[in-house]
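Asks: sequence first, predicted model second:
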Amino acid sequence: GESVGLHLPTLSVQEGDNSIINCAYSNSASDYFIWYKQESGKGPQFIIDIRSNMDKRQGQRVTVLLNKTVKHLSLQIAATQPGDSAVYFCAELLGGGYNKLIFGAGTRLAVHP
Amino acid sequence: EAGVAQSPRYKIIEKRQSVAFWCNPISGHATLYWYQQILGQGPKLLIQFQNNGVVDDSQLPKDRFSAERLKGVDSTLKIQPAKLEDSAVYLCASSSTGNYGYTFGSGTRLTVV
């Protein structure tokens, strides 16, 4: 089926700690995955992406890991800051000619000082 | 570059009334998407346009929802008649051909009372 879900609905961390947000996907044919950050009152904002031929990709303070064997994605945020507080979504791109982005339910990240 | 513009930002209507949302994508982006985001959930794709043609409307409740993109630029999404369960944020996104990077607007928050 077409579904992308998350293991944890909320995550609370202390400022400066590392955060890990997890996501499971179900479509083994998907070849592209994206993490989005959504702040209150705003649309989703692109954070980082990864193709299925990779198992790790790093950005600025963020790392995405992909485990195709168990259909699992994770987003790691280093030295979490108050500005990182938001809802994070993983999304799975289904191909087939016209790309279709399927979102999971999201994880709320709360960063405490 | 300017982002994806949406209007209005907020709308409150009574059930059985009609409502329309407007989206102006990023200039040159051929693909336009409308998503529905119910509170606490991830965005759900309603309809996808490639230029002025519909390529995916499988999740659009066609008995009450309609969308058009007549000149391959701006798009409108209409609900008639609205139901209480239509209360959500309606997000518009656009992308250029062959580019998986979606840019989202800030959305229109619809409340049906």
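Replies: Cool, the structure landed.
Asks: what's the burial count for B:Glu14?
Replies: 10 (other Cβ atoms under 10 Å in any protein chain shown). Just so you know, the C-beta spots here come from the backbone N, C-alpha and C atoms, and that holds for glycine as well.
Asks: err, B:Cys23, not the other one
Replies: 26.
Asks: does the longest strand seen in chain A reach chain B?
Replies: The longest strand of chain A (DSSP state E) is strand A:86-94. Yes - counting by Cβ under 8 Å from any Cβ of the partner chain, contacts between strand A:86-94 and chain B involve A:89, A:91, A:93.
Asks: for residue 19, which residues are in contact?
Replies: Using chain A. A:11, A:13, A:75-77, A:80, A:84, A:109, A:111 (Cβ atoms under 8 Å, 6 or more residues apart in numbering or on different chains).
Asks: could you do chain B instead?
Replies: With Cβ under 8 Å, 6+ apart, B:Val19 has these contacts: B:11, B:13, B:78-80, B:82, B:110.
Asks: for B:Glu85, see how far away it is.
Replies: Taking Cβ to Cβ, to the nearest Å as the measure, B:Val19 falls 14 Å from B:Glu85.
Asks: residues from chain B in reach of chain A?
Replies: B:4, B:31, B:33, B:35, B:40-45, B:48, B:50, B:55-56, B:91, B:93, B:95, B:100-107.
Asks: now the helices for chain A?
Replies: For chain A, helices defined by DSSP state H do not occur.
Asks: for A:Tyr63, list each beta-bridge partner.
Replies: Wrong residue type there; residue A:63 is Thr, not Tyr. A:Gln58, A:Gln76 (DSSP bridges).
Asks: most neighbours among the residues of strand A:86-94 next to chain B, which one?
Replies: A:Phe89 (27 neighbours).
Asks: quick one: least confident helix or strand in chain B?
Replies: strand B:53-56 (a mean of 92; mean pLDDT, DSSP states H and E).
Asks: check which helices and strands that strand is in contact with.
Replies: strand B:44-50 (3 or more Cβ pairs under 8 Å, 6 or more residues apart in numbering or on different chains; DSSP states H and E).
Asks: partners of the strand it packs on, with directions?
Replies: Strand pairing for strand B:44-50, using DSSP bridges, gives strand B:31-37 (antiparallel), strand B:53-56 (antiparallel).
Asks: where in chain B is pLDDT low?
Replies: B:1, B:98-99 (pLDDT under 70).
Asks: find the centremost residue of it, please.
Replies: Centroid-nearest residue in chain B: B:Trp34, 3.1 Å away (criterion: Cα atoms, centre = their mean).
Asks: excluding chain neighbours, what is closest to that residue?
Replies: B:Leu46 (4.5 Å; Cβ to Cβ, 6 or more residues apart in numbering or on different chains).
Asks: which residues touch residue 107?
Replies: Let's take chain A. Here A:Thr107 is in contact with A:6, A:8-11, A:21-22, A:87-89 (Cβ under 8 Å, 6+ apart).
Asks: hmm, I had chain B in mind actually
Replies: A:42-43, B:6, B:9, B:37, B:89-92.
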